[in-house]
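In: All I have is the shape, not the residue letters:
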């Protein structure tokens, strides 16, 4: 089984250790969201994919997706336009998910194995944004995978940011409150600032990627409690659905 990841940077899913567009194994620097995914897998597989078979974990950078998109633009006819009814932002989600789905399919073919492709983006909404904004972004990612003809794509779209999901692991009370935090980074209540405060740090000097990964590894993420957050529940539901399809193909 392959785990194919694409995110925004080190603080979410991770990054390549060298300035290259795609990497795997020891070349991949894990992020807190990849540790969270690995714990979901470990609960089903009985072992850590990141620790036991790191060569089966692939990371595709935003830069790599951008290079693929540019190549498609140069061909002009190979990619349809966003369309008048789809906004620029959701069009961005769709096009990036589409090329990521294409790359995931290529990796599966070259490795002769099935994979789960997780596409991460922060939704960055505010408490005043209608749910439709998040739903549009989720739907755009799904549409991108569909246009790529790739069936094992999983949107990972925290509301408003991945730090809100991590905050759920810091407080035993209801986690739903973290999804209502503002996505505006100037707000004193932005999730990044709340998470920095939990670790006794300032917003200008937050916990490092390595510290967050170590904390998640030691504390273990309570995915059942995190299901209180709608955005996590949607991600986990789709992730488990795809995992079932990979573990039991044709069932």
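Out: Looks like it arrived, so ask away. Please read all numbers here as calculations on a predicted model, not as lab measurements. Numbers count the residues shown, from 1 in each chain.

In: From residue 59, how far out is the closest residue to residue 196 other than its chain neighbours?
Out: Using C-beta to C-beta, 6 or more residues apart in numbering and skipping the chain neighbours, the partner closest in space to residue 196 is residue 206 (4.1 Å). All C-beta spots, glycine's among them, are computed from the backbone N, C-alpha and C. Separation of residue 206 from residue 59 (C-beta to C-beta, to the nearest Å) stands at 22 Å.

In: How about residue 111?
Out: Counting by C-beta to C-beta - residue 111 and residue 59 are separated by 14 Å.

In: Helix or strand: which one has the residue nearest to residue 196?
Out: Assessed by DSSP states H and E, residue 206 sits outside every helix and strand.

In: My understanding was that it contacts residue 194; is that so?
Out: No. Using C-beta atoms under 8 Å, residue 206 makes no contact with residue 194, being 10.4 Å away.

In: just to revisit the earlier point, so which of residue 111 and residue 59 has more stuff around it?
Out: residue 59 (27 against 16; other C-beta atoms under 10 Å).

In: Just the residues contacting stretch 135-148, thanks.
Out: Stretch 135-148 is contacted from outside by 86-87, 89-91, 93-102, 104-105, 117, 119, 121, 123, 151, 153, 155, 157, 234, using C-beta atoms under 8 Å, 6 or more residues apart in numbering.

In: Among these, which ones are in strands?
Out: Among the contacts of stretch 135-148, the members falling in strands (DSSP state E) are 117, 119, 153, 155.

In: Just the closest of those to residue 3, please.
Out: The closest of those to residue 3 turns out to be residue 117 (C-beta to C-beta; 8.4 Å).

In: Just to check, the closest one is in contact with residue 4?
Out: Yes. Judged on C-beta under 8 Å, residue 117 makes contact with residue 4 at a distance of 4.3 Å.

In: what do these two both touch?
Out: Contact criterion C-beta under 8 Å, 6+ apart; residues shared by residue 117 and residue 4: residue 104.

In: What segments of the stretch 1-150 of the chain are helices?
Out: Secondary structure of the stretch 1-150 of the chain (DSSP state H, counting those that start in this stretch): helices at 32-45, 49-52, 62-75, 88-111, 131-147.

In: For the ones you listed, give me a markdown table that also has mean pLDDT and distance to residue 182.
Out: Shown next, in a markdown table, are the helices of the stretch 1-150 of the chain (pLDDT from 0 to 100; distance: least, C-beta to C-beta, whole Å):
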| stretch | mean pLDDT | distance to residue 182 |
| --- | --- | --- |
| helix 32-45 | 98 | 21 |
| helix 49-52 | 96 | 32 |
| helix 62-75 | 89 | 24 |
| helix 88-111 | 92 | 18 |
| helix 131-147 | 91 | 14 |
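
In: Using TSV, lay out those together with distance to residue 238.
Out: Formatted as TSV, those follow (distance: least, C-beta to C-beta, whole Å):
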stretch	distance to residue 238
helix 32-45	12
helix 49-52	18
helix 62-75	20
helix 88-111	13
helix 131-147	9
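
In: circling back to that earlier point, buried ones among the contacts of stretch 135-148?
Out: Among these, those buried by neighbour count (16 or more other C-beta atoms under 10 Å) are 86, 90, 93-102, 104-105, 117, 119, 121, 123, 153, 155, 157, 234.

In: if we can go back for a sec, any idea how far the residue nearest to residue 196 lies from residue 190?
Out: Counting by C-beta to C-beta, the gap from residue 206 to residue 190 is 11 Å.

In: Of these two, which one has the most company?
Out: Ranked by neighbour count (other C-beta under 10 Å), residue 206 and residue 190 place residue 190 first, with 21 against 18.

In: Skipping adjacent residues, who's closest to that one in space?
Out: residue 182 (6.1 Å).

In: which regions of the chain lie under the pLDDT threshold?
Out: Along the chain, the parts satisfying pLDDT under 70 run over 76-89, 125-132, 172.

In: Spatially central residue in the protein, please.
Out: Taking C-alpha atoms, centre = their mean, the centroid of the chain lies closest to residue 120, which sits 2.4 Å from it.
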